[in-house]
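Chemist: Dropping a prediction and its sequence here:
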Amino acid sequence: MEDKLYNDNFEKLISGHADDFKMYPDKKAWHGIYNHLHPGKRWPSAAMSTLLLATLLLVGHLNTNNDKKMLDLGNTDNTQSHLDNKNDLRNTNRAAIKGAKIIPINKSADDLAQTATASAGISDPLDNTVPGIFEEINPTASLLIAANNNNTRGEISQPETNKVKRELELPVTDEVTKIKNTQELNIINPPIVNSDLAQFKIDEPAKTDLVVKDILLAKPRVEDLQTFNETVLGKFLKARKNKMSWKLHLTPNFSFRKFSHGEDVAVNSSAALGPVGNNPPPARSLDHRLALGFELGGSMLQELNKQVKLTAGLQFNYVGYNIKAYSVHPVLATLILKNEITGQEYPHSKISNYSNIVGSNPVTLHNQQLQVSLPVGTEIKLFGDKNLQVNAGVVFQPSYVIAGTAYLPSVDKRNYIFESSLLRKWNFSTALQTFASFKAGSSLTMHIGPQVRYQLLSTYKDKYPAKEHLIDYGIKFGVSKTLK
Amino acid sequence: MTEEVMLHGCLQNIATAQEALYNRFSPRMLGVCYRFARNREDAEDMLQEGFIKVFTQIHQFRNQGALEGWIRRIVVHTCINILKKNKKFADSVDIIHANSIQGNENNIPSIMQAKQVVECIRLLPIGYRTVLNLYAIEGYSHREISNMLDIEESTSRSQYTRAKSMLEDILVKKKILLKPRERAGMAGGGKKMIQNF
């Protein structure tokens, strides 16, 4: 019996102590449970992070890409691609060919020019003289055409036709790579029957007439790079870089809220649009007060033209308002929620420690949100000069609520229920602003002006029938600098 | 937040209610899992799976009995299911192995009494420990245990007897428990003296 009693006591002792044993799990255990039960709520975080990262990478790439282009201009390997100017090349060749002077004999220059032009099919709109082209007129005639501007008379003798290849070598300067331009010419080499022919000879092209752009093929020197930078293309690219700037801004603001409940609940006018005035609110009227918030962030600006700039950036918003309530003993309060699929309303009860009815223990509740947003927008210069100008802007802000608290009035508006799970995670706002910009120092520009921001979607999810839209009024302070 | 409110919120899949319920019952449930698991990490995995089942099957709770008891049953079944994937409970434990395990009793930290008892239980081989947990602590019958572990009922009884004997030896060696014969020898009249924990 003693053993049985001992056995029973042994098991009771073991059981009692084992039951008293507690261990506190790691946070990741709850995270794993939460992610399994609410899988859809993971992905916005991942998507938002990806979007933010992609935006930052894009801005960084655009910022550095212009630098790379400027460097490439000085890079000899890329000069050819940048200088694909066919007109220059054509003019160069024409000038080179023009340098070869062939003196006509035994025929008028006009006849020679017309014949050569017609038969060769040359159309040279830039120059009336015919380049050095030799044409076989007939086996018996020799014809040398003058390639200079001075029409020189010549004579036609009886040539023997002979096709020769003539290598036209252009004189080479120290900087110029030797260019060989081979042309197949029909040269009629007549027997010289006229001693006058001896006076005609082919001159070598003048060195000074050759204009071969060394930067087309050869490695440019430093002074050539400087020359290039001063060209139109260089000036264009340099000017392009000066069109990007960055801006940091801080906007302290006050949030108003536009609150509308269901039609079956009477809404006091003071509850519809806050804040409430100085008079104490009547019973069942919501007492919401102003609270200070802010926007803090940075953006990149791209100048489209002298009047318009595009902006994109990243910023953090802190918005919210205060609620005057009274601390009471815990009571069961009810919200009316709506099934998002069926639309059917159902009660949601929760313990509340705060009352809207005047009591002896006033407290201030905070409805607040910390958001991260990606503002994109436009700034337009209204008037002014570089030193002082007035601008207007419009910004569209998708935002994500990182954290927030929400105290919601119960259906009878007697109590406030803490229910942050009803906060909408994603929201959109639009902001209008005007500001004055003035130079501060040699490179910085200061900006100051009012801003109004309106929240487009309700603060709360669709399952909460009441709609709330925040309106923020603030003064925006900014500093910007043009990238050089 | 009362249990009723938490339950109501969990039925609507509201995260705050679920977290409140988890925070209230997870410390004790983790202690339950820790008695079955090999280490803390395994115990937390068992806890996580158990609570996922709790939240997905919350609509099956019929308010017949305490919510904690219902959650505990789900967690215990989850622990058993996980252990069954890795261990055959029909196998008997080698005596040599059992003695070597008993030799580790000196590693038990001298901390809270409840933790001492639990750590002693965890020294037992997995098969012994599981049967001991289910019978002596969770209150299942040998028939129920045999169905859960897919073993014979006689195997469950014999494993429990061995587990209890081994645990007793560990507790005595640790001087957490005095045997009745020793207590009778210390004071006359056969009065039972059970050392206070």
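Modeler: Okay, I see it.

Chemist: Nearest spatial neighbour of the residue of the stretch 201-350 of chain A found nearest chain B, chain-adjacent residues omitted?
Modeler: Closest approach of the stretch 201-350 of chain A to chain B (CB to the nearest CB) occurs at residue A:350, with a separation of 6.0 Å. C-beta: built from backbone N, CA, C; applies to glycine. Using CB to CB, 6 or more residues apart in numbering or on different chains and skipping residues adjacent in sequence, the residue nearest residue A:350 is residue A:417, 4.9 Å away.

Chemist: now residue B:59
Modeler: Of all residues not flanking residue B:59 in the chain, residue B:11 sits nearest, at 6.3 Å (CB to CB, 6+ apart).

Chemist: so where's chain A uncertain?
Modeler: In the prediction, chain A carries residues with pLDDT under 70 at positions A:1-8, A:40-48, A:62-242, A:261-284, A:484.

Chemist: Parallel or antiparallel, list what pairs with the strand ranked longest in chain A.
Modeler: Looking only at chain A and at elements set by DSSP state E, the strand with the highest residue count is strand A:308-338. Next to strand A:308-338 in the sheet, as set by DSSP bridges, lie strand A:288-289 (antiparallel), strand A:292-303 (antiparallel), strand A:345-355 (antiparallel), strand A:362-373 (antiparallel), strand A:376-384 (antiparallel).

Chemist: Let me have those strands in a markdown table, extended by distance to residue B:125 and mean neighbour count.
Modeler: Output for these, formatted as a markdown table (distance: least, CB to CB, whole Å; neighbours: other CB atoms under 10 Å in any protein chain shown):
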| stretch | distance to residue B:125 | mean neighbour count |
| --- | --- | --- |
| strand A:288-289 | 64 | 18 |
| strand A:292-303 | 60 | 18 |
| strand A:345-355 | 47 | 18 |
| strand A:362-373 | 52 | 18 |
| strand A:376-384 | 65 | 15 |
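
Chemist: for the residue nearest to residue A:350, helix, strand, or coil?
Modeler: Residue A:417 falls in the strand class when you classify it by DSSP: H, G, I helix; E, B strand; the rest coil.

Chemist: Near chain B, which residues of chain A? Just list them.
Modeler: Residues of chain A that fall close to chain B, judged by CB under 8 Å from any CB of the partner chain: A:2-3, A:5-6, A:9-11, A:13-15, A:17-26, A:28-30, A:32-34, A:36-38, A:332, A:348-351, A:419-421.

Chemist: Of those, which belong to strands?
Modeler: In strands, defined here by DSSP E, the members of the residues of chain A next to chain B are A:332, A:348-351.

Chemist: farthest-separated two in these?
Modeler: A:348 and A:351 (12.0 Å; CB to CB).

Chemist: What segments of the stretch 351-484 of chain A are strands?
Modeler: Here the stretch 351-484 of chain A has its strands, by DSSP state E, counting those that start in this stretch, at A:362-373, A:376-384, A:388-405, A:407-409, A:415-418, A:426-440, A:444-455, A:467-482.

Chemist: May I see the ones you listed organised as JSON lines, with distance to residue B:172 added?
Modeler: Output for those, formatted as JSON lines (distance: least, CB to CB, whole Å):
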{"stretch": "strand A:362-373", "distance to residue B:172": "58"}
{"stretch": "strand A:376-384", "distance to residue B:172": "75"}
{"stretch": "strand A:388-405", "distance to residue B:172": "54"}
{"stretch": "strand A:407-409", "distance to residue B:172": "58"}
{"stretch": "strand A:415-418", "distance to residue B:172": "53"}
{"stretch": "strand A:426-440", "distance to residue B:172": "63"}
{"stretch": "strand A:444-455", "distance to residue B:172": "70"}
{"stretch": "strand A:467-482", "distance to residue B:172": "67"}
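
Chemist: right, and the ones you listed - which one's nearest residue B:38?
Modeler: Among those, if distance is taken as CB to CB, the winner is strand A:388-405, at 37.7 Å.

Chemist: Show me what the closest one is packed against.
Modeler: Applying 3 or more CB pairs under 8 Å, 6 or more residues apart in numbering or on different chains; DSSP states H and E, one finds that strand A:388-405 makes contact with strand A:308-338, strand A:362-373, strand A:376-384, strand A:426-440, strand A:444-455.

Chemist: for these, which one sits closest to residue B:70?
Modeler: strand A:308-338 (23.4 Å).

Chemist: Okay, angle between that closest one and strand A:467-482 too, please.
Modeler: Regarding strand A:308-338 and strand A:467-482, their directions subtend 160 degrees when assessed with axes from the mean of the first three to the mean of the last three CA atoms, to 10 degrees.

Chemist: Just the buried residues of strand A:308-338, please?
Modeler: A:309, A:311-315, A:317-326, A:328, A:333-338 (16 or more other CB atoms under 10 Å in any protein chain shown).

Chemist: now swap in stretch B:44-56 and tell me
Modeler: The neighbour-count criterion (16+ other CB under 10 Å) identifies B:44-55 as the buried residues of stretch B:44-56.

Chemist: What about those, which are in helices?
Modeler: The subset of the buried residues of stretch B:44-56 located in helices under the criterion DSSP state H comprises B:44-55.

Chemist: I'd guessed residue A:444 sits against residue A:438; true?
Modeler: No: distance between residue A:444 and residue A:438: 10.0 Å, which falls outside the contact criterion (CB atoms under 8 Å).

Chemist: Give me the contact list for stretch A:472-484.
Modeler: A:63, A:66, A:241-242, A:244-256, A:293-295, A:301, A:319, A:433, A:435, A:437, A:440, A:443-454 (CB atoms under 8 Å, 6 or more residues apart in numbering or on different chains).
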